[in-house]
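this one's structure only:
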């Protein structure tokens, strides 16, 4: 899946890998074949990163994730580096890019508990 309708900045890395900066708080790394390898979610608050980490892991939205000091997202203090993140989650975040990631979680929770 491509994100061509979204503004992104592509930073070349070693051996034809690429850092794709989709938002100041969202980036991916793709291999030379264009396949997504990792996804980065950025935060300026460790507690917000923990909440989003729990959201990702408890809902099995990734295969593995770690919270660390930001290395890829220069405008953030902390980032979650995640493997196996599906395109659906990225597109939902991009479609609501004006919301901070913590608000995105709150909105998802409200949608999931809404009566039928």
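Arrived safely, thanks for sending. Predicted, not measured: the structure shown is a model, and the values here were computed from it.

Settle this for me: residue 20 is touching residue 28, isn't it.
Yes: checked against CB atoms under 8 Å, the pair residue 20 and residue 28 is within contact range at 4.8 Å. Glycine gets a C-beta too; all of them are placed from N, C-alpha and C.

so where's the protein shaky on pLDDT?
For the chain, applying pLDDT under 70 flags the ranges 1-7, 106-116.

if I pick the most centrally placed residue in it, what's in contact with it?
By CA atoms, centre = their mean, the chain has its centre lying nearest to residue 41, at 3.8 Å. Residues in contact with residue 41 (CB atoms under 8 Å, 6 or more residues apart in numbering) are 25, 26, 49, 52, 56, 79, 80, 82, 101.

Adjacent strands (with direction) for the longest strand along the chain?
The longest strand of the chain (DSSP state E) is strand 36-43. Strand 36-43 has the following strand partners under DSSP bridges: strand 26-30 (antiparallel), strand 78-83 (antiparallel).

Tell me the gap between the longest one and the middle of its chain.
Relative to the centre of its chain, strand 78-83 is centred 7 Å away, using CA atoms, centre = their mean, to the nearest Å.

can you give me the helices in this protein?
For the chain, the helices defined by DSSP state H occupy 46-58, 87-95, 101-112.

list the buried ones in the second one?
In terms of neighbour count (16 or more other CB atoms under 10 Å), helix 87-95 has its buried residues at 89, 90, 93, 94.

Which elements pack onto that helix?
strand 18-23, strand 26-30, helix 101-112 (3 or more CB pairs under 8 Å, 6 or more residues apart in numbering; DSSP states H and E).

again, but for the first one
Here helix 46-58 is seen to pack against strand 36-43, strand 64-69, strand 78-83, helix 101-112 when contacts are counted using 3+ CB pairs under 8 Å, 6+ apart.
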